[in-house]
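*Asks:* here's my sequence, what's the structure:
(2 chains)
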Amino acid sequence: EPEVTQTPSHQVTQMGQEVILRCVPISNHLYFYWYRQILGQKVEFLVSFYNNEISEKSEIFDDQFSVERPDGSNFTLKIRSTKLEDSAMYFCASSDPGLEFTDTQYFGPGTRLTVL
Amino acid sequence: DAKTTQPTSMDCAEGRAANLPCNHSTISGNEYVYWYRQIHSQGPQYIIHGLKNNETNEMASLIITEDRKSSTLILPHATLRDTAVYYCIACYTGRRALTFGSGTRLQVQP
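*Replies:* Okay, here's the model as predicted:
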């Protein structure tokens, strides 16, 4: 069964450093997403991406964040200058909306980001 | 998106049906009801969704009341591997962002 993959599984970085989290969505999917979950808190939407541009973003997704689909398979989330509060699990998801335009998002296993 | 309300936690005996309720009294006519679950710290897993009619797939059944103000997710024969947090989400046709609440923590007991 096709699945979303994410690398690395765990990333440790120093405050102020840039990090890039990588995702390989399911191959025929068209919409891509990033969510995050701070330990013990809710899963929060960050951004969605379609046709090589951001289609929706939350207020969490400020100028420190960016997304990119650098090639036909990868989807990346970059945090330019990490802060302690960026420590969280980051989940990538992808979906292939059918004729009814409903979402069935398939999530990856997540990348645990720890900012020291 | 309509707000959903779920019990904080539930227990279920292994092998028995787990019935997880969700209230979405302000749901509008074109909002779907989605169910996802999250096992420990893994990525959320899609279970099922519906608009008006009851739905069934290999994982679960979704019963939506006629007035659409509430729904119930049914896991017909719960196993220990079904222990997870279950999220009920209402969202519009065409929206892409999923808004996760706190969900129901289901503990399946041996």
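*Asks:* okay, and the beta partners of the residue in chain A that chain B sits nearest to?
*Replies:* Closest contact between chain A and chain B, by Cβ to the nearest Cβ, is at residue A:107 (3.3 Å). Using the backbone N, CA and C atoms, a C-beta is placed for each residue, glycine as well. Beta bridges link residue A:107 to residue A:93 when assigned by DSSP bridges.
*Asks:* who touches it in this structure?
*Replies:* Counting by Cβ atoms under 8 Å, 6 or more residues apart in numbering or on different chains, residue A:107 makes contact with A:4, A:35, A:91, A:92, A:93, B:43, B:44, B:45, B:46.
*Asks:* cutoff 6 Å now
*Replies:* By Cβ atoms under 6 Å, 6 or more residues apart in numbering or on different chains, the contact set of residue A:107 is A:91, A:93, B:43, B:44.
*Asks:* same question, residue B:72
*Replies:* Contacts of residue B:72 by Cβ under 6 Å, 6+ apart are B:19, B:21, B:63.
*Asks:* chain A against chain B: which residues are in contact?
*Replies:* Taking Cβ under 6 Å from any Cβ of the partner chain, the part of chain A that reaches chain B is made up of A:42-43, A:45, A:48, A:56, A:91, A:101-102, A:104, A:107-110.
*Asks:* burial of the residue lying closest to residue A:58 once chain neighbours are set aside, as a residue count?
*Replies:* In space, and not counting its chain neighbours, residue A:58 is closest to residue A:45: 5.2 Å by Cβ to Cβ, 6 or more residues apart in numbering or on different chains. By other Cβ atoms under 10 Å in any protein chain shown, 20 other residues sit near residue A:45.
*Asks:* if we can go back for a sec, and of the residues of chain A next to chain B, the nearest to residue B:100?
*Replies:* residue A:43 (4.0 Å; Cβ to Cβ).
*Asks:* and the closest one, what are its phi and psi?
*Replies:* phi -70, psi 130 (degrees, to the nearest 10).
*Asks:* surely it touches residue B:98?
*Replies:* No. With contact taken as Cβ atoms under 6 Å, residue A:43 and residue B:98 are classed as non-touching, separated by 7.9 Å.
*Asks:* could I get the residues of chain A next to chain B as JSON lines with secondary structure?
*Replies:* As requested, the residues of chain A next to chain B are arranged in JSON lines below (DSSP: H, G, I helix; E, B strand; the rest coil):
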{"residue": "A:42", "secondary structure": "coil"}
{"residue": "A:43", "secondary structure": "strand"}
{"residue": "A:45", "secondary structure": "strand"}
{"residue": "A:48", "secondary structure": "strand"}
{"residue": "A:56", "secondary structure": "strand"}
{"residue": "A:91", "secondary structure": "strand"}
{"residue": "A:101", "secondary structure": "coil"}
{"residue": "A:102", "secondary structure": "coil"}
{"residue": "A:104", "secondary structure": "coil"}
{"residue": "A:107", "secondary structure": "strand"}
{"residue": "A:108", "secondary structure": "coil"}
{"residue": "A:109", "secondary structure": "coil"}
{"residue": "A:110", "secondary structure": "coil"}
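*Asks:* confidence-wise, which of the residues you listed comes last?
*Replies:* Lowest pLDDT within these is found at residue A:101 (58).
*Asks:* which residues touch residue A:64?
*Replies:* Per Cβ under 6 Å, 6+ apart, neighbours of residue A:64: A:79, A:80.
*Asks:* in the sheet, who's paired with the residue nearest to the spatial centre of chain A?
*Replies:* Centroid-nearest residue in chain A, with Cα atoms, centre = their mean: residue A:34, separated by 2.8 Å. Taking DSSP bridges as the rule, residue A:34 bridges to residue A:47, residue A:92.
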